[in-house]
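Trainee: This is the structure alone, sequence omitted:
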C-alpha cells in the first residue's frame, strides 16, 4: 500500500537558518504529493503541492521538488522565521481514475520550532 | 478552493456520552473525508462519506462507534459514540476541490477531550 516516511522531529532552528525536512514515499504509479502545515491550535493548511515528476511546488518561501528517481519530496526554506514554527506533514494521494476522491496518506509530522 | 465550516471547535465531554461534529462546505463536493489526529500523532482516516450511500470505514473504525451522515453534497456529520478518554483527539473533515490542482481542504478541526 501507499506510505509516507517523514523526518522525525522535533526540529529546532535559529531564525534565518536553512531548513530541510525529508520526506520519502512508497506508492504505485505516480501520486500527487503535498506538504501541509498545522499552526498551533489550528487545522491543516495546504502549503504546497506537486502533481508530476520534476514539478516544484512553492509557497511562502518554502519549496519541494517531486523526485521520482528517489521517491522523495523534501521541504526546504532558505531562511526560516519565528512565524514558521508549526507541525509540517508530508502527504500523498494516488492519481488513478478516481483522482480527487481518494484519501490522503500522511507522514507522521515534523514539529518545527524557530527560536529568535 | 472550497471553504469548510466545522463545529464545534472544541468540547469537553463526559465518558459514555456522544458528540456530533458538523462540517458545512460552501460548494458541492462528491466525497468528504473524516480524519482523527490523536495527541502528538499524524492524521488517520476514519471514513469516507459519499452522498446518498453509507460511509466507507477504514480498518479499525466501525459504524457503531463513528456513525456518519451525508444528507447532501455540502454537509456531513461525524458522531463519536459512547466516548472514552482514548477518544480524546482532534477530528477533522476534508474535501477535495473540484479542480484537480487545488488539492484537499481541511476544516479547522474539533478538539475533543473526554473526561
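Mentor: Received the coordinates, thanks. Values in this document were obtained by computation on a predicted structure and should not be read as measured data.
Trainee: ok, and for stretch A:107-116, which residues are buried?
Mentor: A:107-110, A:112, A:114 (16 or more other C-beta atoms under 10 Å in any protein chain shown). (Glycine included, C-beta is placed from N, CA and C.)
Trainee: just these that are near chain B?
Mentor: Among the buried residues of stretch A:107-116, the residues that sit close to chain B (C-beta under 8 Å from any C-beta of the partner chain) are A:107-109.
Trainee: Which of the buried residues of stretch A:107-116 sits closest to residue B:114?
Mentor: Comparing the buried residues of stretch A:107-116 against residue B:114 with C-beta to C-beta places residue A:109 closest, at 22.4 Å.
Trainee: surely that closest one meets residue A:6?
Mentor: Yes: taking contacts as C-beta atoms under 8 Å, residue A:109 lies within contact range of residue A:6: 6.8 Å.
Trainee: residues shared between the contacts of the two?
Mentor: Shared contacts of residue A:109 and residue A:6 (C-beta atoms under 8 Å, 6 or more residues apart in numbering or on different chains): residue A:89.
Trainee: Remind me what the least confident helix or strand in chain B by mean pLDDT packs against, helices and strands.
Mentor: Sorting the helices and strands of chain B by mean pLDDT, DSSP states H and E puts strand B:104-106 at the bottom, at a mean of 88. With contacts defined as 3 or more C-beta pairs under 8 Å, 6 or more residues apart in numbering or on different chains; DSSP states H and E, the packing partners of strand B:104-106 are strand A:44-50, strand B:89-96.
Trainee: Just put these in a markdown table and tack on distance to residue B:3.
Mentor: Shown next, in a markdown table, are the helices and strands packed on strand B:104-106 (distance: least, C-beta to C-beta, whole Å):
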| stretch | distance to residue B:3 |
| --- | --- |
| strand A:44-50 | 12 |
| strand B:89-96 | 10 |
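Trainee: Can you tell me which of those is packed in deepest?
Mentor: strand B:89-96 (a mean of 24; mean count of other C-beta atoms under 10 Å in any protein chain shown).
Trainee: Let me see the mean pLDDT of that one.
Mentor: The average pLDDT for strand B:89-96 rounds to 92.
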